[in-house]
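J.: I would like the atomic coordinates for the input below:
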Amino acid sequence: MLQLTFFRDSARGPQPSSHSTTTASGTSTTHSNVHEGNIAHFAQVCFDALVQSLTVQQGFQADVIRTIYNYLSSYEKMVEVIEVMREAVEVHAVAEILSRTEEDNVKGDSIMDDSIKLEEEE
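T.: Numbers count the residues shown, from 1 in each chain. As a prediction, this is how the structure comes out:
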C-alpha cells in the first residue's frame, strides 16, 4: 500500500528523496529531486518564465529575445545583448525626438530643456 507523507516528523512510511542546501545568508531550503524525465520540461518552463520577465523589463517581444538566444551560446550573453539593444533604442529615441521637436520649432517642451531645468534645480 502506498502511503504519502506530507509532514517531516510523521512516522508513516519512508520519506520521498530530497536534499537540503544552505544559502550564503545561512537559510536552509529543502529541494525535491527532479525526475530525470522532467528535467527538460522544467528547464523549458523556467526559460519561458525568464523570457517573459525580460519582455517586461527590457521592452522587447518574446520572439525577439528567443531569436537572440538562439544565436548566442549562453543566457548571460543574451541578457547583455538585450541590455545593449535597449540602451541603443533609448539613445536613438531621444535623438529622434529631439530632431522632430527642432523641426516643429517646439520650445520649452523638449527633452533637452527638461534635463537642463533639472540640473539647474539641483
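J.: quick one, helices of this structure?
T.: 39-58, 62-71, 75-103, 111-121 (DSSP state H).
J.: where among the ones you listed is average confidence lowest?
T.: Here the helices of the chain differ in mean pLDDT, and the lowest is helix 111-121 at a mean of 53.
J.: tally of neighbours for the residue nearest to M85 when sequence neighbours are not counted?
T.: Leaving out its chain neighbours, the residue that sits closest to M85 by CB to CB, 6 or more residues apart in numbering is F60, at 7.0 Å. For glycine as for every other residue, the C-beta is placed from the backbone atoms N, C-alpha and C. By the criterion of other CB atoms under 10 Å, F60 has 18 neighbours.
J.: what sits against F60?
T.: Contacts for F60 were tallied using CB atoms under 8 Å, 6 or more residues apart in numbering; they are 54, 82, 85-86.
J.: which of the residues you listed are buried, as a ChimeraX select command?
T.: Restricted to buried positions by 16 or more other CB atoms under 10 Å, the ChimeraX selection for the contacts of F60 reads:
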select :54,82,85
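J.: make a markdown table from the contacts of F60 and add distance to T101 to it.
T.: Below are the contacts of F60 laid out as a markdown table (distance: CB to CB, whole Å):
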| residue | distance to T101 |
| --- | --- |
| L54 | 31 |
| I82 | 29 |
| M85 | 24 |
| R86 | 22 |
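J.: among the contacts of F60, which pair sits farthest apart?
T.: Greatest spacing in these, by CB to CB: L54 and M85 (10.9 Å).
J.: since that was my last question, I'll sign off now.
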